[in-house]
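> Have a look at this prediction, sequence included:
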Amino acid sequence: MGSVPISWFLTLSAVLFALGVAGFLFRRSIITVFMSIELMLNAVNLSFVTFSYQLKKVDGHLFSFFVMVVAAAEAAVGLAIILTVFRNRKTLNIDDVSSMKD
Amino acid sequence: MDVVIFLIFAIIAVACAINVVVQTHPISSAISLVGVMGSLAVIYLLLGAEFIAAAQVIVYAGAIMVLFVFVIMLLNAGAEATKGRAPMAHLLGPPLLAAFLGILAFVVRRLFPREYTAHFGGFTHGTAKDVGRALFTTYLLPFEAASVLILIAIIGAVVLARKEMD
Amino acid sequence: MQLWLIPALPLVGFLVNGLFGRRFSKSLINAIAIGSVALSFAWALRAVLGLDLTHPYTERYFTWIQSGALTINCDFTVDRLTAVMLMVVTGIGALIHIYSIGYMAHEGGYYRFFAFLNLFMFFMLTLVLAANFLVLFVGWEGVGLCSYLLIGFYFDKKFATNAGNKAFIVNRIGDFGFSLAMFYIFKNFGSLDFGAVFGQAAGKPESMLTVIGLLLMLGACGKSAQLPLYVWLPDAMAGPTPVSALIHAATMVTAGVYMTARSWSIYIHAPAAMDAIAIIGIATAFFAATIGLAQNDIKKVFAYSTVSQLGYMFVGVGCGAFSAGIYHLMTHAFFKALLFLGSGSVIHALSGEQDLRNMGGLRKKIRWTFLTMMCAAIAIAGIPPFAGFFSKDAILLAAHHRAPWLYWVGTITAGMTAFYVFRAIFLAFFGEYRGHEHPHESPRVMLVPLAILAVLSAGGGYLFKVPEYLGAVFPRMEIPEDPALMTISTLAGLAGIFLAWLMYVARPGMADSLAGAVNGLYTLVYNKYFVDEIYGAAVVDPVVNGSRAVLWQRVDAGIIDGAANGVGDRAQEIGGALRLLQSGNIRSYAAWVLFGSVVVIVAMAVAGGVR
């Protein structure tokens, strides 16, 4: 019955987060970018649960729960926005929706 | 035993995450993301977070990712285009990521020496009962606010996604 | 006794005439202006007669400044010295106001003139009534302001406005000395109140008192036109003649003498400063008299005469004969004001002509002006029994008592005084008329003040025994009467008159041939020793050019504007650089966010003590 050092969980969380950021920075499709964001949120969830274990309190789980709620809401609205953008611009390329340039 | 389980599912999670980032077609990324979420659910169980693990699978993998897949299919998103410039991202991204990861790993190593460990069954207060109790007592206000948030999200999504009235 | 009414009445006149005078009729303006001054005179008379002035009488009104150790109250005080000054200022002021009705009748800006004149009276009376140095300084500065306003009254003439500027700026140099004196007094005495300062003066070290005395003297040199700060007074003749009479003969320029006499407690214990005053006084008297010999503008002659006579007053004060100096102040006010008003009458008669060479033979055409001016001329020449004799002799006797050479230079100057005044009289009133105008006598409103002043010039010495009156104020000074010295000075005066008669009436060509014989000297004197040119080259031009080249172009335009513009330019450059961040590219934004978050993580880690 081995025990897993807690730092491993956190390292996993950091790696997943970094992968999410990498996806955000280097992918050109809006939907993939969105999925990278979800990946980042998951990584953070893992972090919360880990700390909850370490402090032996249930509050971390609650945080995680709310993150999930917000992620759901965000996903819903965000995908709706993507739909609208696709309808108007006919493209899913993130570099083409840059009309907020000076 | 726990170490083995953790390692297996950690590797699966990382591999699926890399797949999310690397694949060109969005649908492949979506499926990989589902894989990430499943592995994470197992790891949650390892940490005694039963309710969260179940919520992860049901809500995240079951609802949100399904929504993603719906939209990908609706938009008929194909493989990603290869053109597009973002000089700053390409310039700053890799070194910053490396720095980011390095610093986090370093901090974690420093703050959590080897003695802190986790094993299955070490934390038993992650049941639905415990989470529910905390949710309806200490976290009542965020709970209610979250329900309002969901309501707003529903209305927003409906308004944004409907077709123009003609 | 409500002393504050004395200056307040002219102030009210200034406000009413200044604010509303544009719409008033001439008679209403006259009534307000002259009424206020006349009432002020009456009230001052009441104060002087009603109070027992063997001790000073002070009225306190309000605390003006209360700051740390510095407490300045607005106080007015009256003693016998103040009484003399009050009578001179309000009395002669009233006469000149009346005269101005006639003189300024055809000038533009009528209400403005009387408003400024009333304002001047307010400041001068504040100066005279002040009970501490700062309130006196308020009056001091105020009369300087009014002098500037009135010299430049004809503001559309460049030479008038230049003269006003010159007066004000040169005065400021003197005021700088006065201010330094006040600072030094406050530092050492802890108060600026006359009572406090003069009471403690005896116990202070002589070097300190000498410094204070010299600094006050610098202020007096500026205001009373002594060497080296006299240059503004001749130029001040650009103003209307009543202004020259009131401000630059009778009242404002005497403020320096008054202030010096008032500070006698300081000077008594600082003999070096008193000697300096006497020397500057006699030098100025002699110097200005020589310039007056050769001037052709009638007002300039009398201007240099004023500078010279002020020098006499300072000689008196510097030799310890304070009451003699004030005595001469009073008699000089009478006859100098009369000389100026009389020349104003002549100028009025000739419709603006001021050059003596274009006058002549006017004694038959403007009899009254001629007769009154003769009274003044005899008085200034120091011929007994006219008023000037008594006062000038008191000063000369005191000078001889101090140092005989002062007396001899003073006597020679008296001779020159008699000469140039009578030269002016003879050139203007005797001989044949050399001009082209039609001389007509002045209206009665101008002649009555002339007559009153003539009576005062003639009999003022008897009517007002000033030295005895002021004996209670100043320390005793025993000077034996010396009939020989009095005779010599009178003879000097007569000699001057005779020489003038000889050169300008009996043998008219003599003056020109003499001038030709000493051509170099004559040119030097005629051009006022080129003092203005010297000041211009030595002081004014370097300052102006230095200001232009260094301060304006380098400092103001270069450094200050450069800094202000530079800030704007840098901001613009930084903004231009930061603008490039807004590329509209979401991935770039994300990269920057990552950058920021890495920085924050590092910062938090370090702050959390992770090393």
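Yep, that arrived.
> Beyond the helix or strand where C:Met259 lies, next helix or strand please.
For C:Met259, the host element (DSSP states H and E) is helix C:255-262. Once the chain leaves helix C:255-262, the next helix or strand it forms, by DSSP H and E, is helix C:264-268.
> Is it correct that C:Phe286 is in contact with C:Gly415?
No - between C:Phe286 and C:Gly415 there is no contact under Cβ atoms under 8 Å: 10.9 Å. (Glycine included, C-beta is placed from N, CA and C.)
> In its sheet, which strands sit next to the longest strand anywhere in chain C, and in what direction?
The longest strand of chain C (DSSP state E) is strand C:57-67. Take DSSP bridges as the rule and strand C:57-67 pairs in its sheet with strand C:70-78 (antiparallel).
> got a list of contacts for the partner strand?
C:1, C:3-4, C:47-48, C:51, C:53, C:56-65, C:86, C:129-132, C:134-135, C:186, C:191-194 (Cβ atoms under 8 Å, 6 or more residues apart in numbering or on different chains).
> hmm, which of those are the buried ones?
C:3-4, C:47-48, C:51, C:53, C:56-58, C:86, C:129-132, C:134-135, C:186, C:191-194 (16 or more other Cβ atoms under 10 Å in any protein chain shown).
> Could you list which of the residues you listed belong to strands?
In strands, judged by DSSP E, the following of the buried ones among the contacts of strand C:70-78 are found: C:57-58.
> so which strand or helix has the residue nearest the centre of chain B?
The residue lying closest to the centre of chain B (Cα atoms, centre = their mean) is B:Met37, at 6.1 Å. Following DSSP H and E, one finds B:Met37 within helix B:26-46.
> which parts of that helix are buried?
Within helix B:26-46, judged by 16+ other Cβ under 10 Å, the buried ones are B:26-27, B:29-46.
> Strands of the chain, start to end?
You didn't say which chain, so I picked chain A. Going by DSSP E, chain A shows strands at A:4-5.
> think we crossed wires, I meant chain B
B:117-118.
> Which helix or strand in it has the lowest average pLDDT?
Among the helices and strands of chain B, strand B:117-118 carries the lowest confidence by mean pLDDT, DSSP states H and E, at a mean of 78.
> Check which helices and strands the helix holding B:Met37 sits against.
Packing partners of helix B:26-46 (3 or more Cβ pairs under 8 Å, 6 or more residues apart in numbering or on different chains; DSSP states H and E): helix A:6-26, helix A:30-55, helix B:2-22, helix B:50-55, helix B:65-75.
> Any chance of these in CSV with distance to C:Gly102 and mean neighbour count as columns?
Formatted as CSV, the helices and strands packed on helix B:26-46 follow (distance: least, Cβ to Cβ, whole Å; neighbours: other Cβ atoms under 10 Å in any protein chain shown):
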stretch, distance to C:Gly102, mean neighbour count
helix A:6-26, 97, 23
helix A:30-55, 98, 23
helix B:2-22, 106, 18
helix B:50-55, 110, 21
helix B:65-75, 104, 17
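> Select, out of those helices, the one closest to chain C.
Across the helices and strands packed on helix B:26-46, chain C has its closest neighbour in helix A:6-26 (5.3 Å, Cβ to the nearest Cβ).
> what's the angle from that closest one to helix B:26-46?
Counting by axes from the mean of the first three to the mean of the last three Cα atoms, to 10 degrees, helix A:6-26 lies at 160 degrees to helix B:26-46.
> which SS class is the residue in the stretch 351-500 of chain C that chain A sits nearest to?
Nearest to chain A in the stretch 351-500 of chain C, going by Cβ to the nearest Cβ, is C:Gly352, at a distance of 72.5 Å. Per DSSP: H, G, I helix; E, B strand; the rest coil, the secondary structure class of C:Gly352 is coil.
> That one: neighbouring residues, count only.
Neighbourhood size, C:Gly352 [other Cβ atoms under 10 Å in any protein chain shown]: 8.
> Got the phi and psi for C:Ser442?
phi -80, psi 160 (degrees, to the nearest 10).
> same question but for C:Gln2, I mixed them up
Backbone geometry at C:Gln2, expressed as degrees, to the nearest 10, gives phi 50, psi 60.
> how close does it sit to C:Tyr57?
For C:Gln2, the distance to C:Tyr57 equals 12 Å [Cβ to Cβ, to the nearest Å].
> quick check, the lengthiest helix in chain B touching chain A?
Using DSSP state H, we find that the single longest helix of chain B is helix B:87-111. Yes - applying Cβ under 8 Å from any Cβ of the partner chain, one finds helix B:87-111 in contact with chain A at B:89-90, B:93, B:97, B:100-101, B:104-105, B:108-109.
> filter those down to the ones near chain C?
For chain C, the contacts drawn from the residues of helix B:87-111 next to chain A by Cβ under 8 Å from any Cβ are B:89, B:93, B:97, B:100, B:104.
> Of the residues you listed, which one scores lowest on pLDDT?
pLDDT is lowest at B:Ala89 among these; the value there is 70.
> I'd assumed C:Glu437 was in a helix, is it?
No - C:Glu437 is assigned coil when assessed by three-state DSSP, not a helix.
> Thought C:Gln354 was touching it, still the case?
No - at 11.8 Å, C:Glu437 does not count as touching C:Gln354 under the criterion of Cβ under 8 Å.
> In this structure C:Leu310 contacts C:Gln226, no?
Yes - counting by Cβ under 8 Å, C:Leu310 does reach C:Gln226; the two are 6.5 Å apart.
> quick one: common contacting residues for those two?
C:256, C:281, C:284.
> Neighbour-wise, give me the winner out of those residues.
C:Gly281 (33 neighbours).
> Give me the distance between it and B:Ile58.
In terms of Cβ to Cβ, C:Gly281 sits 112 Å off from B:Ile58.
> Show me how far the helix or strand bottoming out on mean pLDDT in chain A is from its chain's centre.
Using mean pLDDT, DSSP H and E, strand A:4-5 stands out as the lowest-scoring helix or strand of chain A, at a mean of 86. With Cα atoms, centre = their mean, to the nearest Å as the basis, strand A:4-5 stands 25 Å off its chain's centre.
> and what of stretch C:31-44?
On Cα atoms, centre = their mean, the centre of stretch C:31-44 falls 23 Å from the chain's centre.
> returning to what we had before: close to chain A, is the least confident helix or strand of chain B?
Yes - judged by Cβ under 8 Å from any Cβ, strand B:117-118 comes into contact with chain A through B:117-118.
> What pairs with that strand, parallel or antiparallel?
Sheet pairing of strand B:117-118 (DSSP bridges) gives strand A:4-5 (antiparallel).
> Contacts for the strand it pairs with, please.
In contact with strand A:4-5 (Cβ under 8 Å, 6+ apart) are residues B:2-3, B:6, B:46, B:112, B:114, B:116-119.
> Looking at those residues, which two lie furthest apart in space?
Greatest spacing in the contacts of strand A:4-5, by Cβ to Cβ: B:Leu46 and B:Arg114 (17.8 Å).
> quick one: low-confidence ranges for chain B?
Along chain B, segments meeting pLDDT under 70 span B:80-88, B:164-166.
> please redo it, this time with the cut-off set to 90
Low-confidence segments of chain B, defined by pLDDT under 90: B:1-3, B:21-25, B:48, B:74-127, B:130, B:157-166.
> Which segments of it make up each domain?
What automatic domain parsing lists as the domains of chain B is B:1-78+B:108-122, B:127-166.
> now chain C
In terms of domains, chain C is parsed into C:279-511, C:527-580, C:585-611 (source: automatic domain parsing).
> Which elements pack onto the helix or strand where C:Ala94 lies?
Assigned by DSSP H and E, C:Ala94 falls within helix C:80-103. For helix C:80-103, the elements it packs on are helix C:26-50, helix C:110-129, helix C:241-245, helix C:255-262, helix C:322-349, helix C:444-463, helix C:466-469, judged by 3+ Cβ pairs under 8 Å, 6+ apart.
> need the ones you listed in CSV with mean pLDDT, can you?
Listed next are the helices and strands packed on helix C:80-103 as CSV, based on pLDDT from 0 to 100:
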stretch, mean pLDDT
helix C:26-50, 87
helix C:110-129, 91
helix C:241-245, 89
helix C:255-262, 90
helix C:322-349, 88
helix C:444-463, 82
helix C:466-469, 75
